[in-house]
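[1] Next come a sequence and a model predicted from it.
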Amino acid sequence: MRTAPIRLATRGSPLALIQAGLVVASLRATGVSAEPVVVETSGDRRRDVPIHAIGGQGVFVKDVDTAVLEGSADASVHSAKDLPSSPPRPAAGPAAGPAAGELPIAAFLPRSDPRDALVGQRLAMLQAGARIATGSVRRRAQLAWLRPDLSFEEVRGNMATRLERVPPGGAVVVAMAALVRLGLQNRAAQVLSSREMLPQVGQGAIAICCRPEDDEVLSRIAAIDDAGARAAVTAERAWLRATGGGCDLPVGAHATVGAGATITLEAMIASLDGHVIVRQRQSGDDAETLGAELARSMLSAGGGRALLEGGAAL
């Protein structure tokens, strides 16, 4: 039986350390000790380059997962929105296992607020031509749909850096879950409803990954898995995987779990300039099937495929 603490690989940003601490506390509540192991990622080192230009969400995942694969950590802690949506590639041989960025998700913590928030001015208070700081094409497209008069500028870095970059008379867009976890929720001038802006797939959820052959670690982490968060995020990730989208494309999705474990998934595909948005909703009982079916509907009958294959840049 394992007596050493479970070593949790994590990025070293204030938010990432708080999220790792939430996993430590959840494991401790089941009688399991754990400790964070800080890993610097290439995405943290290259803060002057947009995320979609240096590999998308996976840029934060691979270096952290490598610590697990190389044995310096037992599991990895991620913002679920950073995880690539593609399933692990087939093994190259009988002894081959997953590569960095392909570790299976052993557990999700209960999901926090998945919505986006404006820091600075409320949407209705922004003057014509006001500048919005965000590096997300998803956020830009949906804000341009709501307010075609707005202009946009890049912003990257940890939360403190982003909050320092609020344009005069404008706003910066951040995840509400991040503000809440950092105790900065009072900085939100407006929390955008899902009708105004669908969040990024997995936003607000924390995922813990580990090696599939590490049975003891896997079983201990699985004990803290939240079934509702898993069902919702699985549906969102299945939809994203079926569309072939990622953080470099203007797509968003949000799933909720209702009575009888019925999952309702709403998703959108936009043109890069925000002039056209395809948005649909569907319910079902199986997360994987629901995500795939909604994606097929939006790509074909909904016209989403044409938007993903073209569109004007903001």
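    All right, it came through fine.

[2] Now stretch 301-310: buried residues?
    302, 304, 307-308 (16 or more other C-beta atoms under 10 Å). (Each C-beta comes from the backbone N, C-alpha and C, glycine too.)

[3] taking those one by one, which sit in helices?
    304, 307-308 (DSSP state H).

[4] Out of the residues you listed, flag the one nearest to Ile208.
    Distance to Ile208, by C-beta to C-beta, is smallest for Leu308 among those, at 30.8 Å.

[5] So what does Ala9 look like in phi/psi?
    When read as degrees, to the nearest 10, the backbone of Ala9 gives phi -70, psi 140.

[6] Checking Asp113 next. Helix, strand or coil?
    For Asp113, the secondary structure call by DSSP: H, G, I helix; E, B strand; the rest coil comes out as coil.

[7] how many other residues sit next to it?
    Neighbourhood size, Asp113 [other C-beta atoms under 10 Å]: 19.

[8] for Met125, same thing?
    Neighbours of Met125 (other C-beta under 10 Å): 13.

[9] From the ones in helices among the buried residues of stretch 301-310, which shows the smallest pLDDT?
    Within those, the minimum per-residue pLDDT falls on Leu308 (81).

[10] List the contacts of it.
    When contacts are counted by C-beta atoms under 8 Å, 6 or more residues apart in numbering, Leu308 touches 243-245, 249, 251, 269, 299.

[11] Tabulate the ones in helices among the buried residues of stretch 301-310 (CSV), appending distance to Ala80.
    Formatted as CSV, these follow (distance: C-beta to C-beta, whole Å):
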residue, distance to Ala80
Gly304, 23
Leu307, 25
Leu308, 22
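
[12] pLDDT on stretch 207-217, on average?
    Mean predicted lDDT for stretch 207-217 stands at 96.

[13] now swap in stretch 257-266 and tell me
    94.

[14] ends of it, how far apart?
    One end of stretch 257-266 sits 12 Å from the other (C-alpha to C-alpha, to the nearest Å).

[15] just to revisit the earlier point, between the contacts of Leu308, which is closest to Ile221?
    Gly245 (28.2 Å).

[16] so how far is Ala189 from Arg122?
    Remark: distance between Arg122 and Ala189 (C-beta to C-beta, to the nearest Å) = 5 Å.

[17] beta partners for the closest residue to Leu109 other than its chain neighbours?
    Distances taken as C-beta to C-beta, 6 or more residues apart in numbering put Ile206 closest to Leu109, at 4.4 Å, once the chain neighbours are dropped. On the basis of DSSP bridges, Ile206 takes part in beta bridges with Ser79.

[18] which ones are touching Ile206?
    19, 22-23, 77-80, 108-109.

[19] what would these look like in JSON lines with pLDDT and neighbour count?
    Shown next, in JSON lines, are those (pLDDT from 0 to 100; neighbours: other C-beta atoms under 10 Å):
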{"residue": "Gln19", "pLDDT": "98", "neighbour count": "26"}
{"residue": "Leu22", "pLDDT": "98", "neighbour count": "16"}
{"residue": "Val23", "pLDDT": "98", "neighbour count": "23"}
{"residue": "Val77", "pLDDT": "98", "neighbour count": "26"}
{"residue": "His78", "pLDDT": "97", "neighbour count": "27"}
{"residue": "Ser79", "pLDDT": "96", "neighbour count": "23"}
{"residue": "Ala80", "pLDDT": "97", "neighbour count": "26"}
{"residue": "Phe108", "pLDDT": "98", "neighbour count": "23"}
{"residue": "Leu109", "pLDDT": "98", "neighbour count": "20"}
